[in-house]
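*Asks:* after the sequence you'll find the predicted model.
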2 protein chains.
Amino acid sequence: MTDFFARHRQMLEDAVQALHTRAFWTPFPEIPSGKIYGETAKADGEAAYAALMGQPFPLPGHPEQRRLGAEVSPWGDSLGITYPAADAPALITAAQAAADDLAAASVEQRVGACLEILSRLNRISFLLGHATMHTTGQAFAMAFQAGGPHAQDRGLEAVAVAWTEMTRFADSARWEKPQGKAPALVIDKQWTLVPAGVALAIGCNTFPTWNSYPGIFASLATGNPVIVKPHPAAILPLALTVQVARDVLAEAGLPADAILLAVDEPGAEITKQLAIDPAVRLIDYTGSSTFGTWLRENARQAQLFTEETGVNSIVIAATDDFDGMCANLAFSLSLYSGQMCTAPQNIYVAQGGIATDQGHKSFDQVAEGLAAAIDTLLADPKQAAGICGAIANPATRDRVEQARAQGRVLRDGTPLLLAVDADAPVAQDECFGPVGFVIPCRDADDGIARAADLAVRKGAITAALYDTDDARIGRAVRAFARAGVNLSVNLTGNIFVNQSAAFSDFHVTGANPAGNASLTDTAFVATRFRRVMWRRPAAVTV
Amino acid sequence: MTDFFARHRQMLEDAVQALHTRAFWTPFPEIPSGKIYGETAKADGEAAYAALMGQPFPLPGHPEQRRLGAEVSPWGDSLGITYPAADAPALITAAQAAADDLAAASVEQRVGACLEILSRLNRISFLLGHATMHTTGQAFAMAFQAGGPHAQDRGLEAVAVAWTEMTRFADSARWEKPQGKAPALVIDKQWTLVPAGVALAIGCNTFPTWNSYPGIFASLATGNPVIVKPHPAAILPLALTVQVARDVLAEAGLPADAILLAVDEPGAEITKQLAIDPAVRLIDYTGSSTFGTWLRENARQAQLFTEETGVNSIVIAATDDFDGMCANLAFSLSLYSGQMCTAPQNIYVAQGGIATDQGHKSFDQVAEGLAAAIDTLLADPKQAAGICGAIANPATRDRVEQARAQGRVLRDGTPLLLAVDADAPVAQDECFGPVGFVIPCRDADDGIARAADLAVRKGAITAALYDTDDARIGRAVRAFARAGVNLSVNLTGNIFVNQSAAFSDFHVTGANPAGNASLTDTAFVATRFRRVMWRRPAAVTV
């Protein structure tokens, strides 16, 4: 049995250190370069992806009652891959059968296996890039990063936090209580980590690995067998993950069924059946608040970790780099056609206009500046495709079309830019997809108040402010902190409000309705296992 | 403004260290001795308690719409104390008015204040002892320990875990991401700790301070104003606590209303109204699962930390110290008349008898041994009163009287010892009070299985085993670990299954229905606050 823990110990310690300092760090390079991943990595990834097309996907020993799979690439082609599928009771039974051995394994054995899984996933990042591209509609460069190294970072982060938490307290102790002149009481104590139960990880269509890895790896590291339930339109990236994980688990002397794939078809999802099973005690979920609310109401036996709906806002108060601001926001609005939980939606601009390095700009001039910057960014069709990608779900296009009638078109196309009133219903809820609402407000403080209030009521994952007034920036910092939203101030250049870096940025704060899971804080792992003691007098030999 | 944090820093660091090693440690001596607490401490405590009788209890500046209070000592006398009382909306308003200043305080300021509060509470441990004795019915020695130093230990434990968690990650960082040959991206980040909201601590009748301090201090340290809602029969110990805390908060430059007392009367409790208020985001609760379930169903806006009902079991498989075992269990069954969440209830004994150092003992002989040991322990009336205390609530006596008809009386009196069948309904649920059920089982493994199964279904906080067979002890360790119960093996002498030592024993595991709050693990504090960031390019000067 390979000692995966020893192999990856340094990486683990570096990760723990990075999490503490929150400085930049990653072991998984984000650049899809042959110099880093091997000269043949690009070709190998393409070939591996091509070889999967139209074939039954192999998961040896996995529960299988039938084959399912109907993925169609947002870029055009059917994938034609079928996956082993089993109904909910069969998956629960298999997970439960793996539970005792997984729980009995040492912390090092489980953590070592998780680290090896992540390292092997990193090696197939090109394949994961193609799999992500053709299930989410992301352009390849983004699919490589978000589906590969960035997701691996988030998985490693969860493993590192789980490791820290599992080893935080001694696992045995001799407790000696003085008794005055009498001999001390001496008790020997031992603690066992007891996992919560079967875990269910419910994936989303747009970031199948990035959003699922934290829950999957946090549960697995802490000893809970995981049933991975992909969105039926984005199975392949998670199927590859489960395939790699099962191989490594077996090599580590752990049950392969400690990770299982729950494949279903649109309209015949087995998610609800899995979620309410009494054996399921942990659920990680990314998606709409509608289903999030259903889970809260119905899966009462499970702990629920969620990332849900929210309304992300930008407040434009003033800028000393008008062109840089517009270019930066153009990219944030265009990237992956706004299909990101971190993409901005509401852009509040003082109705009387703002001060800039180019002099006063009226509300309309600011809106025109944004529209023009998007036009410039997306002028070249090839570059536009590389930034905007494709729409993952037809419902997204319908949603944006319906929004169009609610405002004045400032820029048509993808992304759509609309001027709408602050109180317009369309601006009060998430409109997931390629649309931004430019909203006149009384002044910048009014915009800050409206954005923060929306975050409190409807949730928000990101906020941004452009301003040159220190006092007002301070007020915004306090308002958005109270609203539980991470705030980016005066971003220009190559860093964007929608970006959240593992090991540094906590993704989702847990402090507003956009979700209760913060990636990755202690709360995300701390209740996935419990400590149980046995103690006895030290003098007694048994 | 006094620097309380600097004053108590060493105690805090020692507490953090003790929590890690789980070895014996306490800064608050448990012995009610003048040598430790000062030669006049005993007399001072008595005088201070006498001076409170029949008087309005002073809480300067506290919301007050009327005066309430109808406490009667289980030892006989009415206390005659009235407390300032306000309705739920007034208390919520006052708590919310204190929230911003408490949240804006530094971690050191809040933690320092908490440590000073605990230190001052320690100095009035004799007074707290009398207050606890005359509200709970505990005998003085126990009331001093459980109401004073042991409760203070549990409060300090919560503060230490909160401190560790709040300082776990950097609160600011410079994030530098290499960009190949281009200049690195340099972002400055800052994190603010954002408290969850108003906290409600619902106290119980039997351990008003011990069971409430963890939640109170965890919430206060992490920046949440706390409304302390005592049981109407056990107000004084928590009123004294709130009085001391308000003084210290004011001295620390923090709002006194960050801790408030919610006094009500039996039959007119305001607990439900407080619990469902949208502002209340944290609830700590000790009591029956009936009300725990009500809270889960109705206080959906709040995080809920509970200690609830359970059935604690003992399995007697074999012993090499029959007299020591019986004497130990006699004390565990008698202490405070079984009015402890950790007191044993079901005692499983193999129907064919057990092997002991005194030869084979039949089921009846084991039962007789236990009964005789209790008789011996309680033969002296004064000693009996010192161990058994008084019954806090008349319902407890009724409950035990109803149980009497369900079994064969092995020993009458307090505690009552009954022989009942394993499947008897009375043995399937908690029967809180001075009663033990001696239950014949097929063999020791059957007893272990029954006890563990009950723990899984109905909850349990403690379990004990007497055995001499290593293999069976190993099986019991695994069975009780899976059931989420802390197990004590072969306790004799001066250590008892009902004892749970701060800084070493996690009280309640969170892994069965007896509660989800483990005192004090990371999960108990981690979600009481969240981290919110703001970031901006390092080059920009604002």
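*Replies:* Happy to help now that I have it.
*Asks:* okay, CA-based contacts and neighbour counts for the rest of this
*Replies:* OK.
*Asks:* could you list the low-pLDDT ranges of the stretch 101-250 of chain A?
*Replies:* For the stretch 101-250 of chain A, no stretch is flagged by pLDDT under 70.
*Asks:* that one: helices as residue ranges?
*Replies:* All helices of the stretch 101-250 of chain A, identified by DSSP state H, counting those that start in this stretch, fall at A:107-123, A:125-136, A:140-147, A:149-166, A:213-221, A:236-251.
*Asks:* reformat these as JSON lines; add distance to residue B:183 and mean neighbour count.
*Replies:* Shown next, in JSON lines, are the helices of the stretch 101-250 of chain A (distance: least, Cα to Cα, whole Å; neighbours: other Cα atoms under 10 Å in any protein chain shown):
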{"stretch": "helix A:107-123", "distance to residue B:183": "27", "mean neighbour count": "23"}
{"stretch": "helix A:125-136", "distance to residue B:183": "26", "mean neighbour count": "29"}
{"stretch": "helix A:140-147", "distance to residue B:183": "21", "mean neighbour count": "24"}
{"stretch": "helix A:149-166", "distance to residue B:183": "22", "mean neighbour count": "26"}
{"stretch": "helix A:213-221", "distance to residue B:183": "31", "mean neighbour count": "29"}
{"stretch": "helix A:236-251", "distance to residue B:183": "34", "mean neighbour count": "22"}
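*Asks:* pull out the buried positions in the helix or strand encompassing residue A:47.
*Replies:* For residue A:47, the element it lies in under DSSP states H and E is helix A:41-52. The neighbour-count check on helix A:41-52 (16 or more other Cα atoms under 10 Å in any protein chain shown) flags A:41, A:42, A:45, A:46, A:48, A:49, A:52 as buried.
*Asks:* and the angle for it with helix A:236-251?
*Replies:* Angle of helix A:41-52 versus helix A:236-251, following axes from the mean of the first three to the mean of the last three Cα atoms, to 10 degrees, is 100 degrees.
*Asks:* ok, the nearest residue to residue A:218 once chain neighbours are set aside - contacts?
*Replies:* Distances taken as Cα to Cα, 6 or more residues apart in numbering or on different chains place residue A:158 nearest to residue A:218, at 5.2 Å, with adjacent residues excluded. Counting by Cα atoms under 8 Å, 6 or more residues apart in numbering or on different chains, residue A:158 touches A:214, A:215, A:217, A:218, A:519, A:520, A:525.
*Asks:* reformat the helices of the stretch 101-250 of chain A as TSV; add distance to residue A:184.
*Replies:* TSV is the format used below for the helices of the stretch 101-250 of chain A (distance: least, Cα to Cα, whole Å):
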stretch	distance to residue A:184
helix A:107-123	33
helix A:125-136	59
helix A:140-147	58
helix A:149-166	30
helix A:213-221	39
helix A:236-251	46
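*Asks:* look up which residues are beta-bridged to residue A:462.
*Replies:* Per DSSP bridges, the residues bridged to residue A:462 are residue A:486.
*Asks:* quick one, grab the pLDDT at residue A:2.
*Replies:* pLDDT for residue A:2: 72.
*Asks:* so the closest residue to residue A:88 other than its chain neighbours is in which element?
*Replies:* Excluding the flanking residues, the one nearest residue A:88 by Cα to Cα, 6+ apart is residue A:274, at 5.6 Å. Assigning secondary structure by DSSP H and E places residue A:274 in helix A:271-275.
*Asks:* and the residue lying farthest from the centre of chain A, how far is that from residue B:328?
*Replies:* For chain A, the C-alpha farthest from the mean C-alpha position belongs to residue A:181; by Cα atoms, centre = their mean, that distance is 59.2 Å. For residue A:181, the distance to residue B:328 (Cα to Cα, to the nearest Å) stands at 21 Å.
*Asks:* also residue A:465?
*Replies:* Applying Cα to Cα, the value for residue A:465 to residue B:328 is 67 Å.
*Asks:* neighbour count for the two, which is higher?
*Replies:* Per other Cα atoms under 10 Å in any protein chain shown, whichever of residue A:465 and residue B:328 has more neighbours is residue A:465, with 27 against 23.
*Asks:* what is whichever strand or helix holds the more buried one packed up against?
*Replies:* Assigned by DSSP H and E, residue A:465 falls within strand A:462-466. Here strand A:462-466 touches strand A:313-316, helix A:470-482, strand A:486-489, going by 3 or more Cα pairs under 8 Å, 6 or more residues apart in numbering or on different chains; DSSP states H and E.
*Asks:* give me the contacts around it.
*Replies:* Strand A:462-466 has contacts (Cα under 8 Å, 6+ apart) with A:312-319, A:325, A:342-344, A:473, A:476, A:480, A:485-491, A:497-498.
*Asks:* returning to what we had before: can you report phi and psi for the residue farthest from the centre of chain A?
*Replies:* Per-residue torsions, residue A:181: phi -80, psi -20 (degrees, to the nearest 10).
*Asks:* how far away is residue A:318 from residue A:449?
*Replies:* From residue A:318 across to residue A:449, the span is 16 Å (Cα to Cα).
*Asks:* the two: which is more packed in?
*Replies:* residue A:318 (23 against 17).
*Asks:* before we move on, the earlier item: relative to helix A:125-136, how tilted is the helix holding residue A:47?
*Replies:* Helix A:41-52 runs at 50 degrees relative to helix A:125-136, counting by the same axes, to 10 degrees.
*Asks:* which SSE is immediately downstream of helix A:41-52?
*Replies:* Using DSSP H and E, the helix or strand that directly follows helix A:41-52 along the chain is strand A:66-68.
*Asks:* tell me the buried residues in that following strand?
*Replies:* If you call a residue buried by 16+ other Cα under 10 Å, then strand A:66-68 has these buried ones: residue A:68.
*Asks:* and it, which strands flank it?
*Replies:* Checking strand A:66-68 against DSSP bridges gives partners strand A:83-85 (antiparallel).
*Asks:* which residues touch the strand it pairs with?
*Replies:* By Cα under 8 Å, 6+ apart, the surrounding residues in contact with strand A:83-85 are A:56-59, A:62-69, A:261-264.
*Asks:* just the C-alphas of stretch A:225-243, formatted as CSV.
*Replies:* The C-alpha atoms that make up stretch A:225-243 are tabulated as CSV, following Å, rounded to 0.1, in the frame of the first residue of the first chain:
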residue,chain,number,x,y,z
PRO,A,225,-18.8,8.1,1.8
VAL,A,226,-19.9,10.5,-0.9
ILE,A,227,-22.6,10.1,-3.5
VAL,A,228,-21.8,12.5,-6.3
LYS,A,229,-24.9,13.6,-8.1
PRO,A,230,-24.0,15.6,-11.2
HIS,A,231,-26.3,17.9,-13.1
PRO,A,232,-27.6,15.6,-15.9
ALA,A,233,-26.1,18.1,-18.5
ALA,A,234,-22.6,18.1,-16.9
ILE,A,235,-21.8,14.5,-15.9
LEU,A,236,-18.4,13.9,-17.5
PRO,A,237,-16.2,16.1,-15.4
LEU,A,238,-17.5,14.5,-12.2
ALA,A,239,-17.5,11.0,-13.7
LEU,A,240,-13.8,11.5,-14.5
THR,A,241,-13.3,12.7,-10.9
VAL,A,242,-15.1,9.6,-9.5
GLN,A,243,-13.1,7.3,-11.7
